[in-house]
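Undergrad: compute the structure for the input listed below.
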Amino acid sequence: MSLLDTERALRSLRKTPVILHSFLKDVDQERAMTATDGPDGWSVLEALCHLNDFAQIFAGRIDTMLATDHPTFALVDHLALVVDNRYSEQNFEAVWGQYLERRRALVALLVTLEPAAWLRTGVTGGGVETTVLEIAYNVFIHDITHAEQMIRSLGLATDLI
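TA: This is a model prediction of the structure:
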């Protein structure tokens, strides 16, 4: 069995919302806006907005890869998104709900794919060739990266290693 397989990718994509919910369920708007990972760091709200925006970006890339042969994607300026999408002014519960909707839609799409569709390719803004399967794993890794950031922001854990 390959480390990268469709069933493992789907399980991973279903798990990260559960992990996020476990520590975000009692976070209110004020805490989401004020808990940061450092003086110049992102708030929990900003990190969640980032995950939500990238949920849409990753899904869009997958849609394009399924519809177009070997597309190339532009780099995304994630720092510009913070300002352009006014992360600090967003409603925490609304962003969380939209993130969940986007994840459900992504999983619903991916479960319908034939094996060959998972291997469709595209090129990232950095010039790296990728597949639908690799993007699905990247979504999971991206979620975990920012989940850890939010956990630190909320003071629920410190660096262990």
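
Undergrad: same for the longest helix belonging to the chain, what does it pack against?
TA: Determined from DSSP state H, the single longest helix within the chain is helix 44-67. Judged by 3 or more C-beta pairs under 8 Å, 6 or more residues apart in numbering; DSSP states H and E, the packing partners of helix 44-67 are helix 6-24, helix 29-34, helix 78-84, helix 92-110, strand 121-123, helix 132-153. Quick note: C-beta positions are derived from backbone N, CA and C, even for glycine.

Undergrad: how does it look with 10 Å?
TA: helix 6-24, helix 29-34, helix 78-84, helix 92-110, helix 115-118, strand 121-123, strand 129-131, helix 132-153 (3 or more C-beta pairs under 10 Å, 6 or more residues apart in numbering; DSSP states H and E).

Undergrad: show the contacting residues for A157.
TA: Counting by C-beta atoms under 10 Å, 6 or more residues apart in numbering, A157 makes contact with F23, E148, I151.

Undergrad: any regions of this structure where pLDDT drops low?
TA: Applying pLDDT under 70 to the chain flags residues 1-3, 161.

Undergrad: again, only this time at 80
TA: 1-4, 158-161 (pLDDT under 80).

Undergrad: spatially central residue for it, please.
TA: Nearest to the mean C-alpha position of the chain, by C-alpha atoms, centre = their mean, lies L51 at 4.1 Å.

Undergrad: just checking, that one touches M150?
TA: Yes - using C-beta atoms under 10 Å, L51 makes contact with M150 at a distance of 9.1 Å.

Undergrad: list the residues that contact both of those two?
TA: What both L51 and M150 touch, as defined by C-beta under 10 Å, 6+ apart, is the set L20.

Undergrad: good, wrapping up.
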